[in-house]
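Visitor: here's my sequence, what's the structure:
(one chain, ligands or ions: 1)
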Amino acid sequence: MKKVLLFGATGSIGKQTLDIISRFRDRFTLLGISGKSRLDNLLEISERFRPPLIALPDEESVSYLAERLSYKPEFFVGDEGLSRMASEPSADVAVVAISGIKGLIPAYYALKTGKRVALANKESIIGGGFLLLSCSQTSGGEIIPVDSEHSALFQLLQKYGESSLRKVYLTASGGPFIDWALEDLEKVTPELALKHPTWKMGEKITIDSATLMNKGFEVIEASVLFNLSPERIEVLIHPQSTIHALVELVDGTIFAHLSKPDMRLPIAYALFYPERPTLDVADLSFNPSLTLNLFPPDFQRFPCLALAYSALKLGHPYPLILEASDEVAVPAFLEGRIKFTDIPRVLEKTLNEFTIRYKPSTVDEILAFHEEVKNFTEEMIKSL
Ligand SMILES: NC(=O)c1ccc[n+]([C@@H]2O[C@H](COP(=O)([O-])OP(=O)(O)OC[C@H]3O[C@@H](n4cnc5c(N)ncnc54)[C@H](OP(=O)(O)O)[C@@H]3O)[C@@H](O)[C@H]2O)c1
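Guide: Next comes the predicted model:
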């Protein structure tokens, strides 16, 4: 029986992880959970799975839960609580499904204490991937990516490793505006942007998918996780979201990973690896209407993708700057303070104008640096 810590239990990935755990109760038990604002949801999850450990952002949230729970778990509070729960020695796996750079805290401490980290959180890889990799090398911890494209690449690269690899392709659904003209993109509203054609996800990542920033982040993730130069990573628009990644070998042969767009597949893969569980949640049927289109992205209409390649080529801490700036630009768009097409403008301005006083190299420095970039972006948006 594997003991699982689930960071971000109330989110989209969190809920899908709970679905997998509930299907395999004979294999996994929930040792700990964390959440931030959806406390009633956390309460329901706690009553259903009765995890003995719960991490919360503050003492107020602890009181809220403690007064209502029918059992007495151990509570962990704040950032320190996240690091302490992640370091819990009896846990085998930490699923890191928190959104934002705070995901770096549980990812780092779970790896440092030698655990498997099923890593959905992108921000920690983009901003602190170098730290996570070096930490796992010394501690014996391992990262199994949960992001669907990286899970697909991980699976393909198990079979077709570095010696025969020419390059990799990540696919992108293209989001709801892939066919829109540049001038029409100026008129995109938050309501329209939140309607993703193929995936059901949290708000931030849904907007990032519509700008293709998400795919840009995934290029950075792939570079970090699989040690690939930017030139060896290409993006292909694939509206059906059925092919998740492809590898091209030195003789020109290409292998693809196909599955229905359902995050429970990569989550289950990361929990069970190297075993493959029997799952019937998302079978792909080759009915006559199954068509697969693949075409290159338009970097002009979707400049966020180009910004990601630029940041990756510039190296640390530019990907961190890009990601932090995006964490401010996306809510500003959702709140109607900037236009959809202002998102890449804001990001580019931050990349160009933020003064790098030091290269953050520890978890605390990365979090502090991230906050500085967010403040800078916030001020810049006010002055637009
Ligand atoms: N959704 C997908 O299909 C998908 C696919 C690939 C990768 N990812 C990545 O997975 C991560 C989670 O995505 P999601 O879509 O599941 O996001 P989400 O639905 O917004 O959920 C985020 C989770 O993180 C918690 N959280 C947010 N900020 C926190 C903080 N500062 N401290 C502690 N907990 C915090 C939230 O708690 P409350 O809800 O209680 O506030 C919630 O449990 C992101 O990094 C995303 O890029 C997601």
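Visitor: now do the contacts for residue 256.
Guide: Going by CB atoms under 8 Å, 6 or more residues apart in numbering, residue 256 touches 243, 245-246. In this view, the C-beta of every residue, glycine as well, is placed from N, C-alpha and C.
Visitor: distance of it relative to residue 267?
Guide: Shown here: residue 256 relative to residue 267, a distance of 21 Å by CB to CB, to the nearest Å.
Visitor: the strands in the stretch 1-150 of the chain, which residues?
Guide: Taking DSSP state E, counting those that start in this stretch, the strands of the stretch 1-150 of the chain run over residues 2-7, 28-34, 53-56, 74-77, 93-96, 116-119, 142-145.
Visitor: show me what the longest one is packed against.
Guide: This points to strand 28-34. Judged by 3 or more CB pairs under 8 Å, 6 or more residues apart in numbering; DSSP states H and E, the packing partners of strand 28-34 are strand 2-7, helix 12-23, helix 39-49, strand 53-56, helix 78-86.
Visitor: ditto for the last one
Guide: In terms of contacts (3+ CB pairs under 8 Å, 6+ apart), strand 142-145 is packed against helix 104-112, strand 116-119, helix 122-139, helix 148-159, helix 213-226, helix 264-272.
Visitor: hmm, try it at 6 Å
Guide: When contacts are defined as 3 or more CB pairs under 6 Å, 6 or more residues apart in numbering; DSSP states H and E, strand 142-145 packs onto strand 116-119.
Visitor: partner strands of the strand it packs on, with direction?
Guide: Paired neighbours of strand 116-119 in the sheet (DSSP bridges): strand 93-96 (parallel), strand 142-145 (parallel).
Visitor: between those strands, which gets nearest to the ligand?
Guide: Closest approach to the ligand among the strands paired with strand 116-119 (CB to the nearest ligand atom): strand 93-96, 7.9 Å.
Visitor: now render the strands of the stretch 1-150 of the chain as JSON lines, adding mean neighbour count.
Guide: Formatted as JSON lines, the strands of the stretch 1-150 of the chain follow (neighbours: other CB atoms under 10 Å):
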{"stretch": "strand 2-7", "mean neighbour count": "26"}
{"stretch": "strand 28-34", "mean neighbour count": "23"}
{"stretch": "strand 53-56", "mean neighbour count": "26"}
{"stretch": "strand 74-77", "mean neighbour count": "17"}
{"stretch": "strand 93-96", "mean neighbour count": "28"}
{"stretch": "strand 116-119", "mean neighbour count": "28"}
{"stretch": "strand 142-145", "mean neighbour count": "22"}
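Visitor: as CSV, those strands with distance to the ligand would be great.
Guide: Below are the strands of the stretch 1-150 of the chain laid out as CSV (distance: least, CB to the nearest ligand atom, whole Å):
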stretch, distance to the ligand
strand 2-7, 7
strand 28-34, 6
strand 53-56, 8
strand 74-77, 11
strand 93-96, 8
strand 116-119, 9
strand 142-145, 9
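Visitor: reformat those strands as TSV; add mean pLDDT.
Guide: Shown next, in TSV, are those (pLDDT from 0 to 100):
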stretch	mean pLDDT
strand 2-7	98
strand 28-34	98
strand 53-56	98
strand 74-77	98
strand 93-96	98
strand 116-119	98
strand 142-145	98
